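> quick check, what structure comes out for this input:
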Amino acid sequence: MEQARQLWQALLLRGFPIDSWWQGSLLGRLSGSLKNWGQGSLLVQGLDGIGLGLVLLYWVFSSQSSTGILGLILLAMAALVVLSWLVETPTGLPVHLPLGLFWGIATLATLLSPVPYAARDGWLKLTLYLAGYLLLHRLLRQPQFRDGIVGSLLLVSLGMGIYGLRQYFYGAAELATWVDPESGLAGLTRVYSFLRNPNLYGGYLVPLLPLGLAAICLWPGWGIKLLVGFTTAVNLICLGLTYSRGAWIGGLAALGMMALLLAQWYAPRLPARWQRWTVPALLGGGAAALLLAILTVRPLRLRAQSLLWGRLDTSNNFRLNVWAAVLEMIRDFPILGIGPGNVAFNRVYPLYQRGNFSALAAYSVPLQITLETGLVGSLAFAWFLLVLWDHGWRGWKRLLACRDPQGLWVAAGLAACTGMMAHGLVDTIWYRPQVQMLWWLAVALVTASLDSPRSSTAGERLSS
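Presented below is the predicted three-dimensional model:
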């Protein structure tokens, strides 16, 4: 039993000496090589401010369906990350090790891809997203930036939500129907705001719900709380009006996880006899409200029932055909896959497609990762998720024990990651730039709270 416990802790990288490992690596030896120049550089001194500005710009432009400008912003973020590495020695976390391994496997998959030139496009996008995460991680380590980053995102979402409600009340273009024309929902308007896709808009909203709940609890002043509460309510209503079944699944997972964590946070303030009933009451009340909504709102009921129709629903049938074709592709490229990105997918998928219908992706994040980077890459990413969750959960328990309010951002990050992965089981809008950086924001909210001497010391105590 003791050996098994030690092996499990080693797999979770508890107590892994990441700093000494990093200093001995090639990148670690290169980092800080321009430290003397950086001390007198105005560019370096304003690096965090520039980075914050780029993040705010990203949130603004990610509210649109066009993505060209987002690539340029990510490129600027990557340049800042490289510059920061050259002028100072960055700190690392054990969770970064499996993430770096996944990137390395994706690089190898690109080089050995059956369509290497197409896979380079996906590899570049993956690299830029990871650079964006590293910048978010750097900024969120400083509590003064967290409010600005999350607050600006919520303000942008409020504008999108108001426009989404306008579409519901006054109608929208025909592309908003997105439902089986032979079902009872034919002609139903599904809101999509500025993103021109209700599934994409639904996926965009999933992580915003726990972020809004955390902000309500954290930010002082009733005026701010009411504004954030109104924003979160608008986002929740719009999530329902997207009629995106995958986003509903993700939203339920995110809200359920956040409710459980908030119950832990507020339980000590409740009378002792109420504490044991807090979680059952939340779960039971939420389930009852959901059941009541399904029974009384006909479009919601029909949309939920369509999950059980199997191939009788055209959307279900399409996904089942895509999944079957993707499994055949994985069978033919099992080790390292076909390389990352939708361009590589579109080059190979036509050889396997069924029913003469093309597809943009695998419509399942686990399948997409396995197809792009093989079983090796999927295991590396699963390891990353396992380590992230373990370290994030232990960080949450530590902050909960000392009643540090910043722990609520960790809770929001864990809930957002849970919801987005639940949505990712049945869709791949997770790869779209409007949603992908929200994923890395959620990850950074978890990892940034661990990146401090106090966190390292506490983490060693917890793992012993």
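
> from here on, contacts and neighbour counts on C-alpha atoms
Fine.

> list the buried residues for the helix or strand containing Leu154?
Here Leu154 sits within helix 143-170, counting by DSSP states H and E. By neighbour count on 16 or more other CA atoms under 10 Å, the buried set for helix 143-170 is 145-146, 149-158, 160-165, 167-168.

> any weak-confidence spans in this protein?
Filtered on pLDDT under 70, the chain yields the residue ranges 19-42, 44, 89, 174-187, 309, 312, 451-464.

> residue boundaries of the strands in it?
Using DSSP state E, the chain contains no strands.

> alpha carbons of stretch 159-173, in PDB - could you do that?
Provided in PDB are the C-alpha atoms of stretch 159-173 (Å, rounded to 0.1, in the frame of the first residue of the first chain):
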ATOM      1  CA  GLY A 159     -22.700  43.600 -24.200                       C
ATOM      2  CA  MET A 160     -22.900  40.300 -26.000                       C
ATOM      3  CA  GLY A 161     -25.700  39.100 -23.700                       C
ATOM      4  CA  ILE A 162     -27.800  42.200 -24.300                       C
ATOM      5  CA  TYR A 163     -27.400  41.800 -28.100                       C
ATOM      6  CA  GLY A 164     -28.300  38.100 -27.700                       C
ATOM      7  CA  LEU A 165     -31.500  39.000 -25.800                       C
ATOM      8  CA  ARG A 166     -32.300  41.500 -28.600                       C
ATOM      9  CA  GLN A 167     -32.000  38.600 -31.100                       C
ATOM     10  CA  TYR A 168     -34.400  36.600 -29.100                       C
ATOM     11  CA  PHE A 169     -37.100  39.300 -28.800                       C
ATOM     12  CA  TYR A 170     -36.700  40.800 -32.300                       C
ATOM     13  CA  GLY A 171     -35.500  37.900 -34.400                       C
ATOM     14  CA  ALA A 172     -32.200  37.000 -36.000                       C
ATOM     15  CA  ALA A 173     -30.900  35.800 -39.300                       C
END
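
> so what's the gap between the helix holding Leu154 and the chain middle?
Centroid separation for helix 143-170 versus its chain: 17 Å, with CA atoms, centre = their mean, to the nearest Å.

> elements contacting that helix?
Under the contact criterion of 3 or more CA pairs under 8 Å, 6 or more residues apart in numbering; DSSP states H and E, helix 143-170 touches helix 47-61, helix 116-140, helix 208-218, helix 222-241.

> contacts only, for the closest residue to Val446 other than its chain neighbours.
Using CA to CA, 6 or more residues apart in numbering and skipping residues adjacent in sequence, the residue nearest Val446 is Val410, 4.8 Å away. By CA atoms under 8 Å, 6 or more residues apart in numbering, the contact list for Val410 reads 392, 395-396, 445-446, 449.

> what subset of these is buried?
Burial of the contacts of Val410 was assessed by neighbour count (16+ other CA under 10 Å); the buried members are 392, 395-396, 445-446, 449.

> save the contacts of Val410 as CSV, and put in distance to Gly256 too.
Output for the contacts of Val410, formatted as CSV (distance: CA to CA, whole Å):
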residue, distance to Gly256
Gly392, 17
Gly395, 20
Trp396, 16
Leu445, 19
Val446, 18
Ser449, 22
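
> list the buried residues for the longest helix belonging to the chain?
As assigned by DSSP state H, the longest helix anywhere in the chain is helix 365-401. Neighbour counts over helix 365-401 (16+ other CA under 10 Å) mark 365-400 as buried.

> and what of stretch 51-69?
Under the neighbour-count criterion of 16+ other CA under 10 Å, stretch 51-69 has 51-52, 54-56, 58-63, 65 buried.

> show me which of the residues you listed is closest to Val326.
Closest approach between those and Val326, by CA to CA: Ser65, at 26.9 Å.

> burial count for the closest residue to that closest one other than its chain neighbours?
Leaving aside its sequence neighbours, Ser65 sits nearest to Leu195 (CA to CA, 6+ apart; 4.4 Å). Counted with other CA atoms under 10 Å, residues neighbouring Leu195 total 20.

> Leu195 contacts Ser63, correct?
Yes - contact criterion CA atoms under 8 Å: Leu195 and Ser63 qualify, at 6.7 Å.

> hang on, the earlier thing: taking helix 116-140 as reference, get the angle to the longest helix of the chain.
Orientation check (axes from the mean of the first three to the mean of the last three CA atoms, to 10 degrees): helix 365-401 against helix 116-140 gives 10 degrees.

> what is helix 365-401 packed up against?
Secondary structure elements in contact with helix 365-401, counted by 3+ CA pairs under 8 Å, 6+ apart, are helix 96-111, helix 314-332, helix 407-424, helix 433-448, helix 453-463.

> right, so those helices: which one is the most enclosed?
helix 407-424 (a mean of 27; mean count of other CA atoms under 10 Å).

> got the CA positions of that helix in CSV?
C-alpha atoms of helix 407-424 as CSV (Å, rounded to 0.1, in the frame of the first residue of the first chain):
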residue,chain,number,x,y,z
GLY,A,407,-9.4,30.9,-3.1
LEU,A,408,-12.7,31.7,-4.7
TRP,A,409,-10.8,32.4,-8.0
VAL,A,410,-9.4,28.9,-7.7
ALA,A,411,-12.9,27.6,-7.2
ALA,A,412,-14.1,29.4,-10.3
GLY,A,413,-11.1,28.1,-12.3
LEU,A,414,-11.8,24.5,-11.3
ALA,A,415,-15.5,24.9,-12.0
ALA,A,416,-14.9,26.5,-15.4
CYS,A,417,-12.5,23.7,-16.4
THR,A,418,-15.0,21.1,-15.3
GLY,A,419,-17.8,22.7,-17.4
MET,A,420,-15.7,23.2,-20.5
MET,A,421,-14.4,19.6,-20.4
ALA,A,422,-18.0,18.3,-20.0
HIS,A,423,-19.0,20.4,-23.0
GLY,A,424,-16.0,19.1,-24.9
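
> contacting residues around Gly171?
Thr189.

> look up phi and psi at the residue nearest to Ser65.
Main-chain torsions, Leu195, degrees, to the nearest 10: phi -90, psi -10.

> between the contacts of Val410, which sits nearest Pro299?
In terms of CA to CA, no member of those lies closer to Pro299 than Leu445, at 35.9 Å.

> hang on, the earlier thing: could you dump the helices and strands packed on helix 143-170 into TSV with distance to Arg301 added?
Shown next, in TSV, are the helices and strands packed on helix 143-170 (distance: least, CA to CA, whole Å):
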stretch	distance to Arg301
helix 47-61	34
helix 116-140	37
helix 208-218	22
helix 222-241	12
